[in-house]
Structure formats: C-alpha cells, structure tokens
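Student: take a look and give me a structure for this.
(one chain, ligands or ions: 2)
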Amino acid sequence: MSTVDRWRSRRSCLAVPGSSARFIEKARGLPVDEVFLDLEDACAPLEKEAARSRIVEALNGGGWRAGVRAVRVNDVTTQWTYRDVVTVVEGAGANLDCLLLPKVRDAGHVRWLDVLLTQIEQAVGLPVGRIGIEAQIEDAAGLSRVDEIAAASPRLEALVFGPADFMASINMKSLAVGQQPPGYSADAFHYVLMRILTAARANDVQAIDGPFLQVRDVEGFRESAARSAALGFDGKWVLHPAQVDAANEVYSPGQDDYDHAELILDAYEWHTSDAGGRRGAVMLGDEMIDEASRKMALVVAAKGRRAGL
Ligand code: GLV
Ligand code: MG
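Tutor: Ligands and ions are numbered 1, 2, ... in the order given. Predicted coordinates:
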C-alpha cells in the first residue's frame with residue numbers, strides 16, 4: 001500500500017475545462033503547482049463524455065509543468081461520477097496524482113471514492129493508495145460535517161473551499177465570487193475559512209482557497225488570496241495566467257520571514273543542546289524564542305523550502 005504525499009505544494013491550482021483542447025494545451029507549460037482538468041461545472045453536460053477521453057490523452061501526453069496533475073470529477077449525486085473515475089483512472093492512472101471531488105456533503109462521499117479508486121488500482125495493477133483525493137467544501141451541509149470529511153480517508157490531501165456554490169447554498173446576497181458581499185462590514189468568509197482550516201490542520205491535510213472570478217482584477221485576487229494566506233491556507237485556485245504569479249508569491253513566505261525562520265531553528269537547536277546550555281527560552285536579538293516559536297518557524301521554513309527560497 002503506497003501513500004499519498006499530503007504536503008506537495010499547492011500554492012496555485014489552475015482550473016482548466018476538460019472540454020477545451022486549446023486551454024489544456026496552454027495549461028501544460030504554466031508555472032502552477034497544480035493543474036486540474038475539469039469534468040464538472042466548467043464542462044457542459046453534452047461535452048462530458050468527449051472530455052473524459054481528451055483528459056486521458058492529455059495526461060498521458062506528459063509535459064506538465066505542474067507538480068500535481070489532478071482531475072475534477074462530477075459530484076456523487078450525478079449520473080456521471082463513476083464513469084468519470086473509471087475512464088480517467090483506467091486510462092491515465094499512472095499519470096494522475098489526485099482526484100478532486102466537488103460538493104462533498106459527508107464523509108461517505110470521500111469513502112466511496114476511496115473504495116472505487118482501490119478497486120480500479122487493483123484491477124489495472126496500479127500501486128494501491130497512490131492517487132490522492134481533494135474534497136471541495138461548498139455548501140452548508142459539507143461545512144457542518146467538515147471534521148468528519150477531513151478524517152474520511154488516508155488518501156485525502158486537501159480540503160478546498162468552493163465559494164461560488166457555497167454562496168448560492170447559503171443565499172448570500174452577492175454574485176461577485178471571491179469578493180466580499182456589499183452590506184457587511186466584517187469579513188463574510190472568516191468563519192467558513194477558519195472552519196475549513198482547523199478541520200484540515202486537525203487531520204494533517206492542506207487547506208486551499210477557491211476561485212476569484214474577476215480575472216482581470218489581479219489586485220482584487222491578490223487581496224483575497226492575502227486574507228486566506230494570512231490565516232494559514234496553503235494555496236488558491238487560479239483561473240487565468242494573470243493570477244498565477246500572484247498566487248505563487250502570496251502563498252510563499254517572504255524571503256525575510258523565511259531567513260528569520262531558519263535563523264530561529266538554528267538558534268533554538270543550539271541553545272537547547274548540551275553545548276548551548278540546554279535552555280528552553282532564549283533571546284535571539286531582541287526577541288524571546290521558545291518551543292512554540294520553533295513550531296511556528298518550522299511551518300514557515302517548510303513552506304519556504306517547498307517554494308525553493
Ligand atoms: C468552485 O467550485 C466554486 O463553487 O466556487
Ligand atoms: Mg463549485
């Protein structure tokens with residue numbers, strides 16, 4: 001039984017309609033951490049069947065710059081889901097890292113996908129357990145069960161917020177996806193983001209923010225990304241090449257923070273050692289550091305190392 005790598009970088013997760021050969025071609029060379037080829041909402045019902053084989057061909061064609069190659073299948077209440085999974089995994093399982101399951105409302109949805117993946121891997125001779133799962137939390141039911149969803153399978157690598165469906169699900173009075181709704185002075189998404197983030201962290205999986213639809217408003221994208229990055233989110237969807245650099249930058253630590261984190265780790269290791277006097281709380285310049293500082297520094301250093309700083 002192999003296991004998924006739950007911490008591969010996902011600062012920028014590019015959505016690509018599986019129905020568009022042109023967009024798929026363009027996506028191949030973009031410097032994103034993850035690319036996901038979409039069989040769900042960006043793919044019209046009459047195009048879904050043709051899109052499955054186009055996706056299989058695209059994955060097997062190789063040449064992806066993205067470290068994570070994913071496919072978003074349809075949600076489990078539809079007639080398409082099982083065949084999405086069977087066709088894509090049988091056809092291109094060796095070139096696929098992850099499946100993205102939308103509209104997850106309870107842990108059973110994730111477990112269903114886990115079981116189906118195992119059956120296919122066994123049937124076609126793929127290593128069992130290598131293909132990961134990302135679960136989209138995009139309605140009130142999913143959010144209310146997010147803790148059990150986050151714990152549903154060892155394949156789970158990330159919880160992903162779906163703001164468009166979520167806004168519809170709670171009747172939010174706005175059509176501007178990813179932006180704050182007018183008429184509410186605080187951050188309307190704070191509770192949702194924190195709920196997803198704490199469920200993710202409690203189960204050692206990543207937390208990914210969803211799309212920002214105004215693709216020409218790069219500053220607006222950056223602002224929205226900066227909010228979830230500040231809380232601790234690992235990355236965000238990108239819908240357009242213009243959003244890619246901003247996502248990679250916002251979800252990486254700044255060089256100064258990264259250097260500082262490495263300094264804390266070095267200093268703390270030395271001071272807690274025999275040679276350093278086995279001290280638990282020490283001064284680093286004007287700053288008092290202790291075991292909790294080390295944990296915070298570890299997080300920043302790990303993100304920085306993954307980002308190649
Ligand atoms: C994404 O799937 C969303 O609903 O925002
Ligand atoms: Mg959605």
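
Student: which neighbours does the lowest-mean-pLDDT helix or strand in the chain have in its sheet, and in what orientation?
Tutor: Scoring the helices and strands of the chain by mean pLDDT, DSSP states H and E places strand 282-284 at the bottom, with a mean of 88. Under the criterion DSSP bridges, strand 282-284 sits next to strand 287-289 (antiparallel) in its sheet.

Student: ok now the partner strand, how far from the chain's centre?
Tutor: In terms of CA atoms, centre = their mean, to the nearest Å, the centre of strand 287-289 is found 33 Å from the chain centre.

Student: pLDDT averaged over the helix or strand just after that strand, what's the number?
Tutor: Per DSSP states H and E, the first helix or strand lying C-terminal to strand 287-289 is helix 291-306. The pLDDT scores in helix 291-306 average 90.

Student: what packs against helix 291-306?
Tutor: helix 255-272 (3 or more CB pairs under 8 Å, 6 or more residues apart in numbering; DSSP states H and E). C-beta: built from backbone N, CA, C; applies to glycine.

Student: residues of the helix it packs on that come out buried?
Tutor: Within helix 255-272, the residues scored as buried using 16 or more other CB atoms under 10 Å are Asp257, Tyr258, His260, Ala261, Glu262, Leu263, Ile264, Leu265, Ala267, Tyr268, His271, Thr272.

Student: doesn't Arg294 make contact with the fourth one?
Tutor: To tie it back to what came earlier, the one meant is Ala261. No - taking contacts as CB atoms under 8 Å, Ala261 lies outside contact range of Arg294: 9.6 Å.

Student: mind checking if stretch 168-181 is in reach of ligand 2?
Tutor: No - Stretch 168-181 lies out of reach of ligand 2 by CB under 5 Å from the ion, never closer than 8.8 Å.

Student: tell me the residues of the stretch 151-300 of the chain that contact ligand 1?
Tutor: Gly162, Pro163, Ala164, Asp165, Gly210, Pro211 (CB under 6 Å from any ligand atom).

Student: and the two most separated of the residues you listed?
Tutor: Asp165 and Pro211 (10.7 Å; CB to CB).

Student: what segments of the stretch 101-250 of the chain are strands?
Tutor: Under the criterion DSSP state E, counting those that start in this stretch, the stretch 101-250 of the chain contains strands at 132-137, 156-161, 206-209, 235-238.

Student: could the C-alpha coordinates of the second one be exported in CSV?
Tutor: The one in question is strand 156-161. What follows is strand 156-161, C-alpha atoms only, in CSV (Å, rounded to 0.1, in the frame of the first residue of the first chain):
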residue,chain,number,x,y,z
LEU,A,156,-7.3,12.9,1.5
GLU,A,157,-4.7,15.6,0.7
ALA,A,158,-6.7,18.8,0.8
LEU,A,159,-10.0,20.5,1.7
VAL,A,160,-10.9,23.1,-1.0
PHE,A,161,-13.3,25.9,-0.4
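
Student: now for it, which elements pack on it?
Tutor: Looks like strand 156-161 contacts strand 132-137, helix 146-150, helix 190-202, strand 206-209 (3+ CB pairs under 8 Å, 6+ apart).

Student: I'd like those as TSV, with mean neighbour count and distance to Glu90 appended.
Tutor: Formatted as TSV, the helices and strands packed on strand 156-161 follow (neighbours: other CB atoms under 10 Å; distance: least, CB to CB, whole Å):
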stretch	mean neighbour count	distance to Glu90
strand 132-137	27	17
helix 146-150	21	26
helix 190-202	18	30
strand 206-209	25	27
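
Student: in a markdown table, list the ones you listed along with distance to Val68.
Tutor: Below are the helices and strands packed on strand 156-161 laid out as a markdown table (distance: least, CB to CB, whole Å):
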| stretch | distance to Val68 |
| --- | --- |
| strand 132-137 | 8 |
| helix 146-150 | 19 |
| helix 190-202 | 16 |
| strand 206-209 | 10 |
